[in-house]
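Undergrad: need a structure here:
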Amino acid sequence: MSVPSKAPITELHRHLGGQFVRGGAARFCVWSPTSSQVNVVIVNLDGQVQQTHVMTPVDGYHYLEQSGLGVGARYFYQFDGGPLRPDPASRFQPDGVHGPSMVCSGDESESAFSWTDQSWSGMQRSDLVIYEMHVGTFTDEGTYDSAIARLDELVELGVTAIELLPLADAAGKWNWGYDGVCLFAPNRNYGHPDRLKSFVDAAHSRGLAVILDVVYNHLGPEGNYLGESGPYLSSRHHTVWGSAPNFDDPQYGEQARRFFIANAIYWLDEFHFDGLRVDAIHCMLDDQKPHVVVEMAQAVRDWSVESGRLAILIAESNVYDPGMTQPIHADGCGFDAQWGDCFLHSMFAVVRPGEQLCQRIYQPGDDLDQVLRMGYVYSGTIREPRKRHDLGERVDTMPLVYSIQNHDFIGNHPLGKRLHQLTSLETQRAAAALLILSPAIPMLFMGEEFACEKPFQFFVDFGDEHLRQAVVEGRRREYPQHQWNDGNSPIDPAAFFDSKIGPASNGNASMRAWYQDLIQMRKQLISDGLLSSVNVRIETDLDEGLFRLRYESSSRWAEVIVRLNEKSQMKEPLTIPASGQIVLDSLNSDSERLEPNHARVVTS
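TA: Residues are numbered from 1 along each chain as shown. The predicted structure follows:
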């Protein structure tokens, strides 16, 4: 065998886990440098031990190739005679995160999944219109297969990419995905890993890219056996959510970080994802240089060249990080895009001043004006704390991902309320125009397009009662400004089942049509060479809640005119003469009057 510790980082994932390979054998490989002996323990469907095989140690890794074991074989690892534990790189956990791992088909085996997306090579950043989706609540069935049945609906809407909330398997029957502990095992509640491949394949056949949300800043609190398998977790760094990866240990940090980087490549390579959204990247704690974030980006770039497929890297950096999208050779992190939450929260401060749905303070009006003119209000880096800025030089906003609601924004409200429920349908229509027709990458949250009346609440299904209560108390501590007694508890099954969005036909048809029109207008403005951060001029009247984006080229222009107001302000209509053709109006008005919470698009 080749030595995994020396394998190129773009190939390491192919060594790890339990895989059925050509020749009718199962191959097992695990990194456990502190173990003298590691056993592969084969069990039956009842969990009874059938066979035990000693693995061969090779430079901190342990390896076994065993004939007579096929796809579907269940196994545990046993480290130095200790308790039976799942494979740290398990490809599937059919019985949950505490149960045995399952041997799956390797990509080179005769039983490997048959892809049909050979002509698909990925998507450019400039073409992204993202649809954020939680698989378990996107459909009543909550499976990959049932999600496939709704893909045509997304094509008709006009979005170009789906961003799935994390899939790494977590404890229980439902979870947002941020408590994953089996990083290589797609969530069993949604179906077999091959059904996830079918979902991605079906999306590609419809021209939809698929991006996966991944979490490398912590591991979940239940079923996290990584620390028993080897030095995967840090003894120096800790996060508020759980154990931190061991990225910078002098002795073991290099191979530990290779494990997590290999996981990123694994999703791109074996599941054909078109990109990764890396969660809370500012909490990936690493004192080493280069930072693990930079090494991960470089590995993805190398894999992209080798595979001939584009891979988009998006950072959730909490606040604007000026180096995140700078090239690695220019001392940047090499990512393609980063979330720009300042847009969402400054917009919300205009329409609901005094209500706080995040831990940073945003000023009504002034901050949205600053975001439109400059790109952000708060900034920080992966090594430096965040800070608030005054208005300064504008940054390129095209690598920023903006939204007017996302899983955090909705789920951090005690009732899981959506924007239109906190404001009005008119407010959402107006805000959507500012979002979708800005130069930044727009992201919608599932159900937003038809003003879904279902909440999206925070939910977990941990088995440990002490942990369940700790989640309830932790939510109250993290967001003390809310009245939590009125909503579903995160450990109540109703929090999950009530969050299923239902069919679009149950929603607001006119809202969906408005979103379709806006997305089509965005594509047209990009095609015409108008919609970009270099072509835009910003004008605002904060007393009236008026925000104008004017795009100009040598031969054409387009203007997005948006008015956002708190409902109780009782503002009078404004008269704004149309100097061109009104092509979109959120209130279907042909008058020159602009009402509160009203949007209009005028072109030359």
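Undergrad: Buried ones in the particular helix or strand that has Gln298 in it, by neighbour count?
TA: With elements taken from DSSP states H and E, the one containing Gln298 is helix 292-307. Going by neighbour count (16 or more other CB atoms under 10 Å), the buried part of helix 292-307 is 292-301, 303-304, 307. In short, each C-beta sits where N, CA and C put it, glycine included.
Undergrad: what do you get for stretch 536-547?
TA: Val536, Thr540, Glu544, Gly545, Leu546, Phe547.
Undergrad: State the distance from Asp341 to Gly47.
TA: In this view, Asp341 and Gly47 are 45 Å apart by CB to CB, to the nearest Å.
Undergrad: One more: Tyr178?
TA: According to CB to CB, Tyr178 stands 29 Å off from Gly47.
Undergrad: what do you get for Val294?
TA: From Val294 across to Gly47, the span is 43 Å (CB to CB).
Undergrad: So which helix or strand of the protein has the lowest pLDDT on average?
TA: strand 387-388 (a mean of 84; mean pLDDT, DSSP states H and E).
Undergrad: Name every strand pairing with that one and say which way it goes.
TA: Using DSSP bridges, the strands paired with strand 387-388 are strand 378-379 (antiparallel).
Undergrad: Off-centre distance for the strand it pairs with?
TA: Strand 378-379 has its C-alpha centroid displaced from the chain centroid by 21 Å (CA atoms, centre = their mean, to the nearest Å).
Undergrad: average pLDDT across it?
TA: For strand 378-379, mean pLDDT rounds to 92.
Undergrad: Now do that strand: everything it contacts.
TA: Contacts with strand 378-379, where a contact means CB atoms under 8 Å, 6 or more residues apart in numbering, come from Val319, Tyr320, Asp321, Pro322, Cys342, Arg360, Arg386, Lys387, Arg388, His389.
Undergrad: swap in stretch 577-592?
TA: By CB under 8 Å, 6+ apart, the residues outside stretch 577-592 that reach it are 426, 429-430, 433, 514, 517-518, 521, 557, 559, 575-576, 595, 598-604.
Undergrad: coming back round to it: so which of the buried residues of stretch 536-547 are in strands?
TA: Among these, DSSP state E puts Val536, Thr540, Leu546, Phe547 in strands.
Undergrad: if I read this right, the first one contacts Arg548, doesn't it?
TA: Which is Val536. No: counting by CB atoms under 8 Å, Val536 does not reach Arg548; the two are 10.0 Å apart.
Undergrad: circling back: quick check: the farthest pair among the contacts of strand 378-379?
TA: Maximum pairwise distance in the contacts of strand 378-379, criterion CB to CB, is 17.6 Å, between Pro322 and Arg360.
Undergrad: ok, Asn535 - contacts?
TA: The contact partners of Asn535, by CB under 8 Å, 6+ apart, come to Gly529, Tyr551, Glu552, Ser553.
Undergrad: what residues are up against the third one?
TA: For Glu552, the residues meeting the contact criterion (CB under 8 Å, 6+ apart) are Leu530, Asn535, Arg537.
Undergrad: cool, the first one as well?
TA: Gly529 sits next to Asn535, Ser553 when contact means CB under 8 Å, 6+ apart.
Undergrad: Kindly recompute the last result at 7 Å.
TA: By CB atoms under 7 Å, 6 or more residues apart in numbering, the contact set of Gly529 is Ser553.
Undergrad: Check which helix or strand it maps to.
TA: Assigned by DSSP H and E, Gly529 belongs to no helix or strand.
Undergrad: Could you do the second one as well?
TA: Applying DSSP H and E as the criterion places Tyr551 in strand 546-552.
Undergrad: Just after that strand, pick out the following helix or strand.
TA: If you walk from strand 546-552 toward the C-terminus, the next helix or strand you reach (DSSP H and E) is strand 557-563.
Undergrad: Centre of the chain to that next one, how far?
TA: Taking the mean C-alpha point of strand 557-563 and that of its whole chain, the gap between them comes to 30 Å (CA atoms, centre = their mean).
Undergrad: what's the answer for stretch 75-91, then?
TA: 29 Å.
Undergrad: buried stuff in that stretch?
TA: By 16+ other CB under 10 Å, the buried positions in stretch 75-91 come out as 75-79, 84-91.
Undergrad: What count of nearby residues applies to the residue nearest to Gly18 when sequence neighbours are not counted?
TA: Spatial nearest neighbour of Gly18, chain neighbours left out: Val103 (4.5 Å); criterion: CB to CB, 6 or more residues apart in numbering. When neighbours are defined as other CB atoms under 10 Å, Val103 has 26 of them.
Undergrad: list the contacts for Val103?
TA: By CB under 7 Å, 6+ apart, the residues touching Val103 are Gly18, Gln19, Phe20, Ala26, Leu69, Val71, Gly72, Ala73, Tyr75.
Undergrad: out of those residues, who's nearest Ile441?
TA: Distance ranking of those against Ile441, using CB to CB, places Gln19 first at 35.8 Å.
Undergrad: What number of residues are in the vicinity of the closest one?
TA: Neighbourhood size, Gln19 [other CB under 10 Å]: 23.
Undergrad: Now for the residue lying closest to it once chain neighbours are set aside, how many residues are close by?
TA: Excluding its sequence neighbours, the residue lying closest to Gln19 (CB to CB, 6+ apart) is Gly106, at 3.7 Å. Residues near Gly106, counting by other CB under 10 Å, number 21.
Undergrad: how far away is Gly106 from Val41?
TA: Separation of Gly106 from Val41 (CB to CB) stands at 21 Å.
Undergrad: hang on, the earlier thing: now do the very next helix or strand once past the helix holding Gln298: which elements does it pack against?
TA: Using DSSP H and E, the helix or strand that directly follows helix 292-307 along the chain is strand 312-315. Here strand 312-315 touches strand 275-278, strand 337-339, going by 3 or more CB pairs under 7 Å, 6 or more residues apart in numbering; DSSP states H and E.
Undergrad: what helices or strands is the last one leaning on?
TA: Spelled out, that is strand 337-339. In terms of contacts (3+ CB pairs under 7 Å, 6+ apart), strand 337-339 is packed against strand 312-315, strand 400-402.
Undergrad: And the strands in the stretch 401-550 of the chain?
TA: For the stretch 401-550 of the chain, the strands defined by DSSP state E, counting those that start in this stretch cover 441-445, 536-541, 546-552.
Undergrad: gap between the second one and the chain center?
TA: The chain centre lies 31 Å from the centre of strand 536-541; the measure is CA atoms, centre = their mean.
Undergrad: The shortest one too?
TA: Taking CA atoms, centre = their mean, one finds the center of strand 441-445 at 11 Å from the center of the full chain.
Undergrad: ok, the spatially closest residue to Ala431 that is not a sequence neighbour - how many residues close by?
TA: Once flanking residues are discounted, Ala431 sits nearest to Ile404: 4.6 Å by CB to CB, 6+ apart. Neighbours of Ile404 under the rule other CB under 10 Å: 26.
Undergrad: gap between Ile404 and His598?
TA: For Ile404, the distance to His598 - CB to CB - is 16 Å.
Undergrad: I'd like the distance between Ser2 and His345.
TA: 49 Å.
Undergrad: So which residue is smack in the middle of the chain?
TA: Nearest to the geometric centre of the chain sits Asp213, at 3.1 Å (CA atoms, centre = their mean).
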